[in-house]
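Trainee: Quick one: sequence and predicted model below, then my questions.
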Amino acid sequence: MRLHQLLFPRIDPGILGIIEAETDRNLKQLAVVRLIVSSGWLTLSIVLGYGYGIVDWAEPVPFLTGYLILAAAFLYLPRRHALFQKLNRWSVALCDMPFIFLAMMQSIYSNPHPEIAAVITCLIFVIFILPAPAGIHIGPTLLATIEAIGFSVFLMHEGGLENFEWVPSIALLTLLAGALAIVISRRVLNIAQSYAEERTRRNVLGRYFSPAVADRILRAEEREEVDEREISVLFSDIRGFTSLSSHLDARSVVNLLDEYLSVMVQTIFENGGTLDKFMGDGILAYFGAPLASPDHAVEAVECGRAMLKRLAVLNQERTARGEFALEIGIGVHTGPAVLGDVGPPIRKEYTVIGDTVNLASRIESLTKEIGQPLLVSNATREATGDRYIWLAAQPLPVRGKKEPVATYYPGAPT
């Protein structure tokens, strides 16, 4: 197992790709800075060394020339050669550290204050360790840290600092810089990973819940894996959709559903409902879960009424465009149901199951026979109390029930 896999064991492949791309951009920026610094350093050395005769500036010119050439190579060649693109991650260790060391080593021998030059060079090494990390690759940082310690000890010895008691301090300072660089890299990766996981959870919740409900679930973690409670289930369907869609091409059918479902889902969310799933042109939603609500029956009825109002507005827009109007049926039933993540491990879905769901679907199918767009069960009627004036529909048999099912449609709110 590679070192970066031990240090960063939870990296998501998507995050890894983003980090690698960002690393390449950072290395390009570092290459530009390197070229500017090396060219400026070389120009200053030529002017002061040869123009003004300052020997300690003239001595490193050959190495600074090599530094400039290699800096230009690390700027331009990674764009054209895959090998240099990989080597670019090691650019601090392969280019900056050794050439700064060689240049300063020549300068120290003719510098009137070699010990000061040696100390300054040690600080430069520490500064260059910080941009050494290349994404999740720890090797470049470790190599740059080892180089910095070895080069610093050698330069300080050559600079006249014979007392080796300072060596542990230099080593500790350099190791701290290397450790800090690795910690910063890990911190960035952990933040990116946590953000990705948060976005994934939010996207999953966003399939079922309104943004406000999703936020409450994420904060309070109120959603249990499996739960049984009383809820109100709403089932809606476009009447005659199969016949309507047979006269349309595939793109027109998709556009129709996109427009219709967008309006309906927004209405469900605005009324505190949870979207369970789409079934072609059908919508299954429920109220009172995953966050408990004592008024879930009222919320379901209000949602049904709001869906019909939104449909009327949508039909006005459709007819103005020369398109046919839509008719829907809505059935609502209140009762116990089981909620939870259902399905195999590779594809689980948070859904609701039970007879309550089935009966809501059966009640929706009765809307065609009774001629009312919204029907509710007797359980829903009782759960809403005296909130509405209820009108009784003719009890009709439904599949799966021995006795005819009593249904009601709401009048004006009381």
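Mentor: Alright, I've got the coordinates.

Trainee: okay, how far is it across stretch 77-87, tip to tip?
Mentor: Start-to-end span of stretch 77-87 (C-alpha to C-alpha, to the nearest Å) is 10 Å.

Trainee: Would you mind pulling the contact partners of the strand or helix carrying residue 304?
Mentor: In the assignment (DSSP states H and E), residue 304 maps to helix 296-320. Contact partners of helix 296-320, identified using C-beta atoms under 8 Å, 6 or more residues apart in numbering, comprise 230-234, 236, 259-260, 263-264, 267-268, 270-273, 285-289, 293, 324-326, 328, 330, 332, 334, 373-374, 376, 380, 383-384, 387-388, 410. Bear in mind the C-beta positions are built from the backbone N, C-alpha and C, glycine included.

Trainee: at 7 Å instead, please
Mentor: The contact list for helix 296-320 (C-beta atoms under 7 Å, 6 or more residues apart in numbering) reads 231-232, 234, 236, 260, 263-264, 267-268, 271-273, 287-288, 293, 324-326, 328, 330, 332, 334, 373-374, 376, 380, 383-384, 387-388, 410.

Trainee: what distance separates that helix from the centre of its chain?
Mentor: Chain-centre distance of helix 296-320: 33 Å, with C-alpha atoms, centre = their mean, to the nearest Å.

Trainee: Can you name the next helix or strand after it?
Mentor: Past helix 296-320, further along toward the C-terminus, the next helix or strand under DSSP H and E is strand 328-342.

Trainee: Please work out the average pLDDT along that following strand.
Mentor: Per-region confidence: strand 328-342 scores 89 on mean pLDDT.

Trainee: What helices and strands are in contact with that strand?
Mentor: Using 3 or more C-beta pairs under 7 Å, 6 or more residues apart in numbering; DSSP states H and E as the contact definition, the elements that strand 328-342 packs against are strand 226-238, helix 296-320, strand 349-353, helix 355-370, strand 374-377, helix 378-383.

Trainee: how many other residues sit next to residue 396?
Mentor: The number of residues packed near residue 396 is 17, by other C-beta atoms under 10 Å.

Trainee: Any stretches of the stretch 251-400 of the chain with poor pLDDT?
Mentor: Flagging of the stretch 251-400 of the chain using pLDDT under 70 yields the residue ranges 343, 345-349.

Trainee: how about a cut-off of 80?
Mentor: Across the stretch 251-400 of the chain, residues meeting the criterion (pLDDT under 80) sit at 291, 340-351, 397, 400.

Trainee: Would you list the buried entries among the contacts of helix 296-320?
Mentor: Buried residues within these, defined by neighbour count using 16 or more other C-beta atoms under 10 Å: 231-232, 234, 236, 260, 263-264, 267-268, 271-273, 287-288, 293, 326, 328, 330, 332, 334, 373-374, 376, 380, 383-384, 387-388, 410.

Trainee: Name the residue most distant from the centre of this structure?
Mentor: The outermost residue of the chain relative to its centre, with distances by C-alpha atoms, centre = their mean, is residue 53 at 59.0 Å.

Trainee: separation between it and residue 41?
Mentor: Using C-beta to C-beta, to the nearest Å, one gets 18 Å for the distance from residue 53 to residue 41.

Trainee: and if you look at residue 393?
Mentor: Taking C-beta to C-beta as the measure, residue 393 and residue 41 are separated by 89 Å.

Trainee: just the helices and strands packed on strand 328-342: most buried one?
Mentor: The highest mean neighbour count among the helices and strands packed on strand 328-342, using mean count of other C-beta atoms under 10 Å, belongs to strand 374-377: a mean of 26.

Trainee: This protein - how does it break down into domains?
Mentor: If the domains of the chain are taken from automatic domain parsing, they occupy 3-203, 211-413, with pieces of a single domain joined by a plus sign.

Trainee: could you pull out the helices for the stretch 151-300 of the chain?
Mentor: Per DSSP state H, counting those that start in this stretch, the stretch 151-300 of the chain has helices spanning 167-206, 211-220, 241-245, 250-270, 296-320. These are given in chain order.

Trainee: Distance to residue 59 added to the helices and strands packed on strand 328-342, as a markdown table?
Mentor: Rendered in a markdown table, the data for these read as follows (distance: least, C-beta to C-beta, whole Å):
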| stretch | distance to residue 59 |
| --- | --- |
| strand 226-238 | 77 |
| helix 296-320 | 81 |
| strand 349-353 | 72 |
| helix 355-370 | 85 |
| strand 374-377 | 92 |
| helix 378-383 | 92 |
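
Trainee: right, so of those, which gets closest to residue 142?
Mentor: Closest to residue 142 of these is strand 349-353 (C-beta to C-beta; 45.2 Å).
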